[in-house]
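**Q** Structure for this input, please:
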Amino acid sequence: MAVHEYTRKRRSPGTPITLDWLWSESIPEPNSGCWLWCLFVNDEGYGQVHVKRGKGHKVHRVAYELAKGPIPAGFEVDHLCRVRCCLNPAHLEAVPPIVNIRRSANCDAYEPPTHCRKGHAFNADNPPIIRPGSKAHCCRICRQAIVKKWNDITNGKKLKGWTREQQLAHMEKMRAARIYRKSA
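**A** Sure thing, here's the model as predicted:
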């Protein structure tokens with residue numbers, strides 16, 4: 001049984017980082033084909049290397065740039081093998097952040113909803129309406145109902161089943177909320 005003996009070769013100052021050097025500092029995993037980084041690995045499991053003095057970079061990004069060229073703007077380097085300390089360029093792909101999230105292990109947490117809270121299906125005629133800073137999804141049908149109800153209340157129209165006293169009390173509550181919002 002052959003045991004891979006790993007000896008760390010310190011890179012002399014000014015020596016450029018090459019794929020050969022990265023390969024020499026990693027251990028090949030024969031079953032998956034991953035090149036496992038053996039030097040510094042951060043708390044999230046990603047290998048890191050200092051390209052310039054005091055500037056650390058994730059080693060898989062450096063390996064991608066050396067093998068395939070620069071990473072396109074707005075893209076992330078995704079591990080197709082799902083091993084964070086792998087730096088095999090064949091296992092790396094530049095993808096938009098949303099693709100990287102969907103491919104991740106917890107992708108179910110980021111699946112877009114198919115229906116609103118009231119059960120209306122999202123489609124081309126009824127797209128989801130997402131307010132900035134909110135995770136709640138509302139559909140066009142529900143939003144139109146909310147706007148209609150608000151307009152009926154603020155314009156003084158009597159709602160179905162409301163007495164005049166209920167309507168006046170509700171309008172007073174809305175006025176107080178508006179005054180409170182303006183003062184806050």
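
**Q** my read is Val62 is in a helix, agree?
**A** Yes: membership of Val62 in a helix is supported by DSSP: H, G, I helix; E, B strand; the rest coil.

**Q** So for it, what's the pLDDT?
**A** With respect to pLDDT, Val62 scores 91.

**Q** Hmm, it is touching Thr18, no?
**A** No: using CB atoms under 8 Å, Val62 is not in contact with Thr18, being 10.1 Å away. For glycine as for every other residue, the C-beta is placed from the backbone atoms N, C-alpha and C.

**Q** Low-confidence stretches in this structure?
**A** Along the chain, segments meeting pLDDT under 70 span 1-14, 53-54, 105-112, 131-137, 153-160, 178-184.

**Q** pull the longest helix from it.
**A** helix 164-183 (DSSP state H).

**Q** Give the other helices and strands that it contacts.
**A** Contacts defined by 3 or more CB pairs under 8 Å, 6 or more residues apart in numbering; DSSP states H and E place helix 164-183 against helix 140-154.

**Q** which stretches of the chain form helices?
**A** 19-24, 59-68, 97-103, 140-154, 164-183.

**Q** Spatially central, which residue of the protein would that be?
**A** Centroid-nearest residue in the chain: Ile101, 5.1 Å away (criterion: CA atoms, centre = their mean).

**Q** distance of that residue from Lys52?
**A** Between Ile101 and Lys52 the distance is 30 Å, computed by CB to CB, to the nearest Å.
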